[in-house]
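J.: would you be able to build a 3D model of this:
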Amino acid sequence: MDINLEGRVAVVTGASRGIGAAIAAAYVQAGAQVVITARKPDGLAKAAAEIGSGVHAIAAHAGKEEDAARVVDETLEKFGRLDILVNNAATNPYMGPLIDASLPAWDKTFEVNLRGPLIWTQAAYRGWMKEHGGSIINISSIDGLSAGGPLAVYGVTKSALIFLTQQLATEVGPGVRVNVLAPGLVKTDFARALWEGAGEDAKYPWPLQRLGKPEDIANAALFLASDASSWVTGGLFVIDGGGSLGGAFS
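T.: Below you'll find the predicted structure:
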C-alpha cells in the first residue's frame, strides 16, 4: 500500500527519539510536514537533523496546557493547518507495586501520560480539527491491557488512555478519528531496563520471537494517519509480536 500524506501537517509529541522519532520520519517520508516536540531542545535538534527536511522542532512539555496551545498556534501560523496529532510522549518514573507508589510519582505519570493526551487533543481540536477534520493517534501500551506487571502506575495510565481514546472517538466524529496503538516491548531507550542484556540474537517467548522496532509502530501510525483508515475510529491496535497471547508476556 502506497500511503501518501502530501499536503498534510502532523504534530508528534515525545518525538526526539524512539517511537516518536520513527513516526515523524515515516510521516515525512510519506510527504507530510511534521512538527516534533519534546522537553529537551538538544534531543529535538538531533532528531530533526536525522530526519531531514520536512521537520520543524518546538521544545514543549507534554503535560503543560500552555505548551500544547503554543505548539498548536505555532503550527497553524507556520503551516496553516493541523491534520494529524500523535500523542506519544510518556514517562515512567516508578517501577514497582502500585501499593508502594509515591504520590509525586503517580502525579507525574498521570500529568504526562493521561492529562497530556487530553490537553493536546483539546488544543488541536479547538484550533483546527473541529472545523476541518483530522486524525488523532494515542500511543498506549500492552501494560494497559492486563494487571500484575512491574510497571503498575504506568499501566494504569495506559489503560485509562485506551478508554480516553474510545470516549473521544464517540464525541468528535465524524470529522475527527481517534485511535490508539498498544505496543509491546520495543527496543528503545525508554524501555531499556526491560530488554538490556538479552543480546541481539535473543529469542523472546512470544510467537514472532523478537523485540519490536520503532518502525513497527510507525507503520501502524502511518496507516491510521492516512485515508486508508478512513472508516476506523475508536480502534485499539495491539502491536506486540503476539506477546499478549495466552499470557506470553507474563
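J.: can we go C-alpha only for contacts and neighbour counts from here?
T.: OK.
J.: and the longest strand for the chain?
T.: Of all segments of type strand in the chain, defined using DSSP state E, the longest is strand 176-183.
J.: packing partners of it?
T.: strand 134-139, helix 152-172, helix 214-225, strand 236-239 (3 or more CA pairs under 8 Å, 6 or more residues apart in numbering; DSSP states H and E).
J.: can you add mean neighbour count and distance to residue 178 and give these back as JSON lines?
T.: JSON lines is the format used below for the helices and strands packed on strand 176-183 (neighbours: other CA atoms under 10 Å; distance: least, CA to CA, whole Å):
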{"stretch": "strand 134-139", "mean neighbour count": "27", "distance to residue 178": "5"}
{"stretch": "helix 152-172", "mean neighbour count": "20", "distance to residue 178": "5"}
{"stretch": "helix 214-225", "mean neighbour count": "20", "distance to residue 178": "9"}
{"stretch": "strand 236-239", "mean neighbour count": "19", "distance to residue 178": "10"}
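J.: partner strands of the longest strand of the chain, parallel or antiparallel?
T.: If you go by DSSP bridges, strand 176-183 pairs up with strand 134-139 (parallel), strand 236-239 (parallel).
J.: in a markdown table, list the ones you listed along with mean pLDDT and distance to residue 125.
T.: Conversion of the strands paired with strand 176-183 to a markdown table gives the following (pLDDT from 0 to 100; distance: least, CA to CA, whole Å):
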| stretch | mean pLDDT | distance to residue 125 |
| --- | --- | --- |
| strand 134-139 | 98 | 8 |
| strand 236-239 | 97 | 21 |
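J.: JSON lines for the ones you listed, including distance to residue 56?
T.: Converted to JSON lines, the strands paired with strand 176-183 look like this (distance: least, CA to CA, whole Å):
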{"stretch": "strand 134-139", "distance to residue 56": "19"}
{"stretch": "strand 236-239", "distance to residue 56": "28"}
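J.: spatially central, which residue of the protein would that be?
T.: residue 88 (2.3 Å; CA atoms, centre = their mean).
J.: my read: residue 136 touches residue 175, true?
T.: No: using CA atoms under 8 Å, residue 136 is not in contact with residue 175; the gap is 11.1 Å.
J.: the helices and strands packed on strand 176-183: which one's closest to residue 39?
T.: Taking CA to CA, strand 134-139 is the member of the helices and strands packed on strand 176-183 nearest to residue 39, at 17.8 Å.
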